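> The sequence isn't on hand, but the structure is:
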């Protein structure tokens, strides 16, 4: 796996190519400057061949400007701020018969492209245990920090200004790892065609503050990755991030509806961390960069066949497929005031669309797959003031039970998960983000707090992997007070 050592530190400049024919003077001389390594020399345990060279790129305009904060623990973090992050790279390989190893112009474009992807964004770590990121239907990202059950609100930012990366923290160490894996994912074939077999990427947040990651582009490493080799140094976290970026070693494929915010977003994060390839279906893009988003309004039933065709091609060959029907539409109404058009749309999103998606996808789902429905406490109970929502959630209970019976003997199991009041942007928006109301709601269960989206996501992962729950209605409401 990637090492933190630097080419520049460990590779002595033993000799320099100065032949005018191979390296002319002027701009091309600078462009082609390389260091030649000695036969039998080693770097990070790599056996270097005689004549291999290293190209170094360190240009002032290869950088990205981003906001972030570093997390030190579950209770301590930096305040939000920003840096002009500088990016440098070194490429090791064998020059061709003309004494050249690739084109500096191509290498610089690669580095500028990966920098542009992060430039002028606020960066958030998607793998941090101490951060919760929620996207509202209105297109705002809300960030919460701290341990589960004790999270504090950090900020709310427009969705288009945020990038959630598959890293545990926004540090130069993690950014170097993210960039090097991004280059490998998108440009490995190009680099190997240029004779590059290993390279390093360094990220600096200021003078004297630089972290470097290195990677070998060799068949030996590819084989190790495919065989499920364990990560080093951080208990497999590095491997976890690589899976997010590269989509390799997939445990299976999970398809989440409404995965752009709330419970759906946390479900996408949880399954991805467990090694699943994640596909989100919603009107808005999932803010997690390692999630594939297919744009669709689930109330448009005519759009399902085309999306389903794309999904079937993506799940082909997967060891398992999990479909999580999470999308919902909430509104306040009563049986005396309900709008039939709104009710019909809510039923399409929460009941008809899941049924049609199941019909289209089940033929492509192997044994060991699962269909999960995200219901509600109101899937089996009722309160006043939300007639459409109660009706739709009750219908979801019937759909899950019918699915269980119709899939009898197929090896595909089905579960209905019923969260209680969960701390999401939808709930906060519904109560006007009134903390007094939220505290009153939290007091309706025995733990005197709201359910966390992460808790429901963990339950969904457990349900997907445990067919003993087939046909079950599982309530997760912290022991709700009965009235």
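Cool, got the structure. What you see is a predicted model, and the numbers here were worked out from it, not measured in a lab. Residues are numbered from 1 along each chain as shown.
> all strands of the stretch 201-350 of the chain, in order?
Assigned by DSSP state E, counting those that start in this stretch, the strands in the stretch 201-350 of the chain fall at 209-216, 253-257, 277-282, 292-295, 321-325.
> same check, this time on the stretch 351-483 of the chain
Under DSSP E, counting those that start in this stretch, the stretch 351-483 of the chain gives strands at 370-374, 413-419, 472-476.
> what angle separates the last one from strand 413-419?
It stands for strand 472-476. Counting by axes from the mean of the first three to the mean of the last three C-alpha atoms, to 10 degrees, strand 472-476 lies at 20 degrees to strand 413-419.
> Make CSV from the strands of the stretch 351-483 of the chain and add mean pLDDT, mean neighbour count and distance to residue 107 to it.
For every residue, glycine as well, the C-beta is placed using N, CA and C. Output for those, formatted as CSV (pLDDT from 0 to 100; neighbours: other C-beta atoms under 10 Å; distance: least, C-beta to C-beta, whole Å):
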stretch, mean pLDDT, mean neighbour count, distance to residue 107
strand 370-374, 97, 27, 45
strand 413-419, 96, 26, 49
strand 472-476, 95, 17, 51
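> Now distance to residue 326 too, for those strands, in TSV please.
Formatted as TSV, the strands of the stretch 351-483 of the chain follow (distance: least, C-beta to C-beta, whole Å):
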stretch	distance to residue 326
strand 370-374	4
strand 413-419	9
strand 472-476	14
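> got a list of what residue 445 touches?
Taking C-beta atoms under 8 Å, 6 or more residues apart in numbering, we find residue 445 in contact with 420-421, 477-481.
> Keep only those of those that are in helices.
Using DSSP state H, no member of the contacts of residue 445 sits in helices.
> Closest one of the residues you listed to residue 157?
residue 421 (25.1 Å; C-beta to C-beta).
> burial measure for that closest one, as a count.
Per other C-beta atoms under 10 Å, the neighbour tally for residue 421 reads 19.
> Distance check, the residue lying closest to it once chain neighbours are set aside against residue 288.
Counting by C-beta to C-beta, 6 or more residues apart in numbering, residue 421 lies nearest to residue 441, which is 4.9 Å off, once chain neighbours are set aside. Distance from residue 441 to residue 288, counting by C-beta to C-beta, to the nearest Å: 28 Å.
> Looking at these two, which one has more neighbours?
Taking neighbours as other C-beta under 10 Å, residue 441 and residue 288 compare with residue 288 leading, 26 against 16.
> residues in contact with that one?
126, 164, 166, 265, 268-269, 272, 278.
> Please report the number of neighbouring residues for residue 383.
Based on other C-beta under 10 Å, the number of other residues close to residue 383 is 11.
> so what pLDDT did it get?
Note for residue 383: predicted pLDDT of 88.
> cool, and residue 23?
Per-residue pLDDT puts residue 23 at 31.
> Tell me the span between the first and last residue of stretch 362-380.
With C-alpha to C-alpha, to the nearest Å as the measure, stretch 362-380 spans 26 Å from end to end.
> For residue 184, find the nearest of the strands of the stretch 201-350 of the chain.
Using C-beta to C-beta, these put strand 209-216 closest to residue 184, at 5.9 Å.
> For the lengthiest helix in the chain, name the packing helices and strands.
Identified as the longest helix of the chain according to DSSP H is helix 172-193. If you count contacts as 3 or more C-beta pairs under 8 Å, 6 or more residues apart in numbering; DSSP states H and E, helix 172-193 packs onto strand 81-93, helix 104-116, strand 162-165, strand 196-206, strand 209-216, helix 237-246.
> Now with 6 Å, please.
Helices and strands touching helix 172-193, by 3 or more C-beta pairs under 6 Å, 6 or more residues apart in numbering; DSSP states H and E, are helix 104-116, strand 196-206, strand 209-216, helix 237-246.
> C-terminal to the first one, what's the next element?
Elements were assigned by DSSP states H and E; along the chain past helix 104-116, the next helix or strand is strand 121-125.
> contact partners of that next one?
Here strand 121-125 makes contact (C-beta atoms under 6 Å, 6 or more residues apart in numbering) with 66-68, 133, 157, 161-165, 167-170.
> filter these to the buried ones?
66-68, 133, 157, 162-165, 167-170 (16 or more other C-beta atoms under 10 Å).
> Now the two most distant members of those residues.
So, those by C-beta to C-beta: farthest apart are 157 and 168, at 20.4 Å.
> sorry, back to before: let me have the helices and strands packed on helix 172-193 in TSV, adding distance to residue 56, mean neighbour count and mean pLDDT as columns.
Formatted as TSV, the helices and strands packed on helix 172-193 follow (distance: least, C-beta to C-beta, whole Å; neighbours: other C-beta atoms under 10 Å; pLDDT from 0 to 100):
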stretch	distance to residue 56	mean neighbour count	mean pLDDT
helix 104-116	10	16	88
strand 196-206	9	22	89
strand 209-216	12	20	88
helix 237-246	25	21	38
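> Could you dump those into TSV and include distance to residue 372?
Below are the helices and strands packed on helix 172-193 laid out as TSV (distance: least, C-beta to C-beta, whole Å):
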stretch	distance to residue 372
helix 104-116	36
strand 196-206	39
strand 209-216	36
helix 237-246	21
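> ok, back up a step: and the longest helix of the chain, which residues are buried?
Applying 16+ other C-beta under 10 Å to helix 172-193 flags 172-184, 187, 191 as buried.
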